[in-house]
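>>> would you be able to build a 3D model of this:
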Amino acid sequence: MPAPDATAVSGQNMPRLSLHVPEPKFRPGDAVDFADVDVPPAGSARRPDTAEAASQFTDLAYTLVRVLDEDNQAVGPWNPQLSPDKMRRMLRHMATVRAFDERMFRAQRQGKTSFYMKSLGEEAVAVSAAHALDAEDMCFPSYRQQGLLIARGCPMVDMMNQIYSNKGDKLQGKQLPIMYSEKRFGFFSISGNLTTQYPQAVGWAMASASKGDTKIAATWCGEGSTAEGDFHSALTFATVYRAPVIFNVVNNQWAISSFSGFAGAEATTFAARAVGYGIAGLRVDGNDALAVYAATAWAAERARTNAGPTLIEHFTYRTEGHSTSDDPTQYRSAGEPTAWPLGDPITRLKDHLIAIGEWDDEQQAAMDREVAEQVKAAQKEAEKNGILGHGLHQPLDTLFDGVFEEMPWHLQEQRQQMIDEETASGRPWDRK
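Next up, the predicted model:
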């Protein structure tokens with residue numbers, strides 16, 4: 001009997017190889033149905049002891065930690081049992097962030113600044129974390145965590161000065177608007193390069209541990225940024241040295257013009273990244289302010305007791321565009337924001353306070369008016385320092401400042417060349 005043809009056996013009847021290209025479920029014009037999004041009952045996720053080994057609760061990377069139920073009650077083992085006053089402060093801070101975002105968005109549309117990014121629908125991610133962390137803990141944010149600054153008491157005028165790049169901008173107009181840097185409030189400089197903050201947070205946390213300090217670090221990135229190499233380098237170092245750091249992945253379903261599938265969401269959860277590294281992983285309802293608070297407080301205790309890092313995936317939705325430079329109607333269905341099954345974080349916390357008799361709609365309306373007036377007043381004050389396009393707000397020769405502690409010779413030469421050219425041109429400019 002002749003030997004079988006090896007080529008036929010190995011490949012003739014096999015399908016040709018192909019690549020899978022992720023495709024979002026809904027495109028512009030499509031009807032939206034999020035029925036396939038698994039939303040487990042509030043209170044159903046178990047809460048491990050913070051000393052428990054990460055390998056014993058890997059299931060928490062695949063479910064959702066939820067506290068607020070369909071009746072607006074706080075239930076289950078993750079209920080942080082916050083006082084009504086604490087919850088009202090959180091609610092106010094979220095409302096302030098929303099009012100701030102709306103006014104700065106309109107300022108960009110009016111040409112007063114070049115760029116802005118809202119956190120609409122994601123306010124609980126930053127505000128609840130700020131309330132759960134200690135004031136001295138260091139935050140390494142991405143560009144949608146302005147709630148950290150507002151909850152920590154940063155003056156809105158200072159934030160607006162940075163957005164306008166005016167003469168009151170402490171960064172002297174050298175950063176893209178919304179890329180704040182606030183040492184006073186434990187807020188590390190935002191970078192436009194994706195995920196650089198992750199290894200920086202790990203390094204800061206390792207330094208804190210090396211000094212025997214009690215401060216921990218927390219960092220945030222979007223789900224798309226988990227595809228960056230810095231993300232994995234940071235997790236490797238944090239795993240090996242058990243750095244006291246909290247990794248927050250804000251899974252709002254969309255990066256700019258591309259959905260979460262391009263970062264691996266079709267295969268597994270983002271919290272599951274933690275399982276592969278052997279560290280604690282939680283997947284949390286990011287629109288549940290109490291769940292975000294509880295998860296952050298749990299992770300912070302774990303970090304402070306040398307139990308290692310935690311990765312928290314905040315399952316939420318980016319209600320509007322990626323930024324003022326983005327038009328989401330070009331790539332996703334307009335019905336998605338209102339159909340998102342986890343609701344609105346401000347409405348959910350408000351409804352909880354009303355349900356327990358600690359708030360009402362009239363108080364909510366009054367608070368909304370009050371914070372809107374505060375934001376408006378801050379804007380008027382900031383605009384006294386100038387807005388985009390109204391001349392040079394910083395002395396021209398400060399362009400070279402703040403890079404080196406001592407300016408090297410070649411930058412000194414370049415600065416002098418610039419000054420000489422400006423002087424020869426006859427254009428007015430201010431020296432320091």
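>>> Validate this expectation: residue 233 resides in a helix.
Yes: counting by DSSP: H, G, I helix; E, B strand; the rest coil, residue 233 falls inside a helix.
>>> hang on, it packs against residue 199?
Yes: counting by CB atoms under 8 Å, residue 233 does reach residue 199; the two are 5.6 Å apart. For glycine as for every other residue, the C-beta is placed from the backbone atoms N, C-alpha and C.
>>> dump the residue contacts of the closest residue to residue 112 other than its chain neighbours.
Nearest non-adjacent residue to residue 112, counting by CB to CB, 6 or more residues apart in numbering: residue 387, 4.2 Å away. Applying CB atoms under 8 Å, 6 or more residues apart in numbering to residue 387 gives the contacts 107, 112, 113, 164, 166.
>>> so what pLDDT did the third one get?
In this prediction, residue 113 carries a pLDDT score of 96.
>>> what about it, how many residues nearby?
23 (other CB atoms under 10 Å).
>>> which one of residue 233 and residue 199 has more residues nearby?
residue 199 (21 against 14).
>>> mean confidence score for the helix or strand harbouring that one?
Residue 199 is part of helix 197-210, with elements assigned from DSSP states H and E. What helix 197-210 shows for mean pLDDT is 98.
>>> C-terminal to it, what's the next element?
Next along the chain from helix 197-210, counting by DSSP H and E, comes strand 217-222.
>>> among the contacts of residue 387, who's most crowded?
residue 164 (26 neighbours).
>>> you'd agree it is up against residue 379?
No: in this structure residue 164 lies outside contact range of residue 379 using CB under 8 Å: 9.4 Å.
>>> ok so, going back, now render the contacts of residue 387 as CSV, adding distance to residue 207 and secondary structure.
Below are the contacts of residue 387 laid out as CSV (distance: CB to CB, whole Å; DSSP: H, G, I helix; E, B strand; the rest coil):
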residue, distance to residue 207, secondary structure
107, 38, helix
112, 39, coil
113, 35, coil
164, 34, helix
166, 34, coil
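>>> pick the one among those residues closest to residue 186.
residue 164 (23.7 Å; CB to CB).
>>> roughly how far apart are the closest residue in space to residue 351 that isn't next to it in sequence and residue 348?
Spatial nearest neighbour of residue 351, chain neighbours left out: residue 72 (4.4 Å); criterion: CB to CB, 6+ apart. Look at residue 72 and residue 348: by CB to CB, to the nearest Å, they are 7 Å apart.
>>> the two: which is more packed in?
residue 348 (20 against 16).
>>> so how many other residues sit close to the closest residue to residue 224 other than its chain neighbours?
Excluding its sequence neighbours, the residue lying closest to residue 224 (CB to CB, 6+ apart) is residue 255, at 3.3 Å. When neighbours are counted by other CB under 10 Å, residue 255 registers 18.
>>> residue 255 against residue 226, yeah?
No: if you go by CB under 8 Å, residue 255 and residue 226 don't touch, sitting 10.4 Å apart.
>>> anything in contact with each of those two?
Counting by CB under 8 Å, 6+ apart, the shared contacts of residue 255 and residue 226 are residue 263.
>>> so where is this protein shaky, pLDDT-wise?
Applying pLDDT under 70 to the chain flags residues 1-11, 428-432.
>>> do a quick rundown of the strands in it.
138-140, 217-222, 245-251, 254-255, 258-259, 280-285, 310-315 (DSSP state E).
>>> and the angle from the last one to strand 280-285?
For strand 310-315 against strand 280-285, the angle by axes from the mean of the first three to the mean of the last three CA atoms, to 10 degrees is 20 degrees.
>>> report all helices and strands that strand 310-315 contacts.
Here strand 310-315 touches strand 245-251, helix 272-277, strand 280-285, helix 289-304, going by 3 or more CB pairs under 8 Å, 6 or more residues apart in numbering; DSSP states H and E.
>>> gap between residue 59 and residue 37?
Going from residue 59 to residue 37 by CB to CB gives 18 Å.
>>> kindly report the same for residue 252.
Taking CB to CB, one finds residue 252 at 14 Å from residue 37.
>>> so which of these two has more stuff around it?
residue 252 (23 against 13).
>>> what's the nearest residue to the more buried one once chain neighbours are set aside in contact with, if anything?
Nearest residue to residue 252, sequence neighbours excluded (CB to CB, 6+ apart): residue 318, at 3.8 Å. Neighbouring residues of residue 318 by CB under 8 Å, 6+ apart: 120, 121, 122, 252, 253, 254.
>>> would you mind checking these for buried ones?
120, 121, 122, 252, 253, 254 (16 or more other CB atoms under 10 Å).
>>> wait, residue 89 sits on residue 128?
No: at 11.0 Å, residue 89 does not count as touching residue 128 under the criterion of CB under 8 Å.
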